[in-house]
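Colleague: Sequence first, predicted coordinates after that:
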Amino acid sequence: MDNKCHCIGPRRRWFQWTSTLVFLLLPWLEIDGRSLLRIDIPGLRLYLFGQVLRIEELYFVLLAALIFVLFFLLITVVLGRVWCGWCCPQTTLSDVAEWLARRLGLTVRHNRFHGTPGRKILLQGIYLLLAFLVASNLLWYFIPPRLFFVRLFSLDLDPAAWITFSVIALLVYFDLAVVRRLMCSDFCPYGRFQTALVDKATLTLHLPENKREQCIECGSCVRICPMEIDIRRGYQVECTNCGRCLDACRRVMARQGKPGLIRYTFGQHGEGAKGLFNPRVLLPAVALLVLLTILGIALVDRPVASLKVSVSHTASPRTLSRGRIATFFNAWVNNRSRQRAVYSLQARQKKSGAPLQIKGPTRAKLAPGENRRLDFVLVTPNNKARTVEFILIDQQGMEVSVAEAYIGTAR
């Protein structure tokens, strides 16, 4: 019989480190000189994997947020607390904190460190540096990393950024130094929420009833558990499904030439993959697929440029010769493409299609993602109420965006 232990711990650690590196490096990556993922609060735009979404396009973000919620719900129903043990940043921080403590020769019992005072002080210094890194990383999603460090070391960060950075750093340090596993066992609401969703489709980590008599009561699964629970007592809300007990059991049983007793199964009674075919899984899966399709179509059909036009509130219409009326307008042109583009602005009556005269800047050369304001005057033959269409024309003479405005006196 093959007595080799097939442990999953290395795979869990690989996943944690990979996801952590992705989160750390993502703000540094750029496409055509633009951040891969960043929220530009002063510019009211979101850089999203090559796309630049302005505030008027935040319905994309809302749709993406709804997709994320459905995806998270689906993952919770299917994989249970695997999120907690494998993916959650809190778990990763706790694992790193305890790994660092052990590397310094400290022991961890009941969520507290035991060892010499000098080593504890050194550990707290390392935690401060780690908290600094985490706080910086979160701000990189709002301030470009290089610019962040320039402003940080020159003490030129905005007050809001200083406050955010300080609060996050202090919270992360407190989490590393004091809270850690207590967040999972006592404070995090996700475990309680997930408990209500457990059904025959949920992946659970447990000791099956038909394997209990084979347990040799070595206690390895209890000693290795970071949450300090006994999986032999059945399903417990504190279990994060990290799989450490599974590996410990496999190592002990492998020395006897036997397979491990603890295992992952779909459903607490081992219903298997067939348990996935139930309404609690299929309904959110179908809804998720529909929303992904809608988002994909919306992104494909998204125009390469946008145009917003409004009557100026700072200048009143003026009467010109021959009864003509000059109406002052403000326009905002946004280049959504990934190349520089030149756009020109034209106007026409909506009902008849007759062209109207524009005086002022009507041509703009925009960099990718750039948004520019144009102030101009629209000349109409009289002051009759009418709906005017403003057309944005690209370099090839194609209409890329149309905006409407209502001018003149009421009929």
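Modeller: It's in.
Colleague: helix, strand or coil for residue 113?
Modeller: strand (DSSP: H, G, I helix; E, B strand; the rest coil).
Colleague: That one contacts residue 105, correct?
Modeller: No: using Cβ atoms under 8 Å, residue 113 is not in contact with residue 105, being 10.4 Å away. From N, CA and C alone the C-beta is placed, and that goes for glycine too.
Colleague: who has more neighbours, those two?
Modeller: Per other Cβ atoms under 10 Å, whichever of residue 113 and residue 105 has more neighbours is residue 113, with 19 against 10.
Colleague: ok, the nearest residue to that one once chain neighbours are set aside to residue 117 distance?
Modeller: Closest residue to residue 113 apart from its sequence neighbours, by Cβ to Cβ, 6 or more residues apart in numbering: residue 106 at 4.7 Å. In this view, residue 106 and residue 117 are 11 Å apart by Cβ to Cβ, to the nearest Å.
Colleague: same check, this time on residue 53
Modeller: 52 Å.
Colleague: follow-up on the earlier one: tell me which of residue 106 and residue 117 has more neighbours.
Modeller: Set side by side, residue 106 and residue 117 show more neighbours around residue 106, with 18 against 7, by other Cβ under 10 Å.
Colleague: what about the strands in the stretch 151-300 of the chain?
Modeller: Assigned by DSSP state E, counting those that start in this stretch, the stretch 151-300 of the chain shows strands spanning 203-206, 263-266.
Colleague: And for the stretch 301-411 of the chain?
Modeller: 305-311, 318-319, 325-335, 341-349, 355-359, 363-366, 371-380, 386-393, 399-407.
Colleague: for the second one, packing partners?
Modeller: With contacts defined as 3 or more Cβ pairs under 8 Å, 6 or more residues apart in numbering; DSSP states H and E, strand 318-319 has these neighbours: strand 325-335.
Colleague: Next: the longest one.
Modeller: Judged by 3+ Cβ pairs under 8 Å, 6+ apart, strand 325-335 is in contact with strand 305-311, strand 318-319, strand 341-349, strand 363-366, strand 371-380, strand 386-393, strand 399-407.
Colleague: quick revisit: can you check which of the strands of the stretch 151-300 of the chain gets nearest to residue 331?
Modeller: Smallest distance to residue 331 across those (Cβ to Cβ): 54.4 Å, for strand 203-206.
Colleague: The closest one pairs with which strands, parallel or anti?
Modeller: strand 263-266 (antiparallel) (DSSP bridges).
Colleague: pLDDT of the partner strand, averaged?
Modeller: On average, the pLDDT along strand 263-266 is 85.
Colleague: do stretch 292-309 as well
Modeller: 85.
Colleague: Any buried residues in it, and which?
Modeller: Within stretch 292-309, the residues that count as buried by 16 or more other Cβ atoms under 10 Å are 304-309.
Colleague: Need the CA coordinates for that stretch. CSV is fine.
Modeller: C-alpha atoms of stretch 292-309 as CSV (Å, rounded to 0.1, in the frame of the first residue of the first chain):
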residue,chain,number,x,y,z
LEU,A,292,-21.8,38.3,-16.8
THR,A,293,-23.4,38.2,-20.3
ILE,A,294,-25.0,41.6,-19.8
LEU,A,295,-21.7,43.1,-18.6
GLY,A,296,-19.9,41.6,-21.5
ILE,A,297,-22.4,43.0,-24.0
ALA,A,298,-22.3,46.4,-22.3
LEU,A,299,-18.5,46.6,-22.5
VAL,A,300,-18.4,45.5,-26.1
ASP,A,301,-21.1,48.1,-27.1
ARG,A,302,-19.5,50.9,-25.0
PRO,A,303,-18.9,53.9,-27.3
VAL,A,304,-15.3,55.0,-27.8
ALA,A,305,-16.1,58.5,-26.7
SER,A,306,-18.8,60.3,-24.6
LEU,A,307,-20.3,63.7,-24.8
LYS,A,308,-22.2,65.7,-22.2
VAL,A,309,-23.6,69.1,-22.9
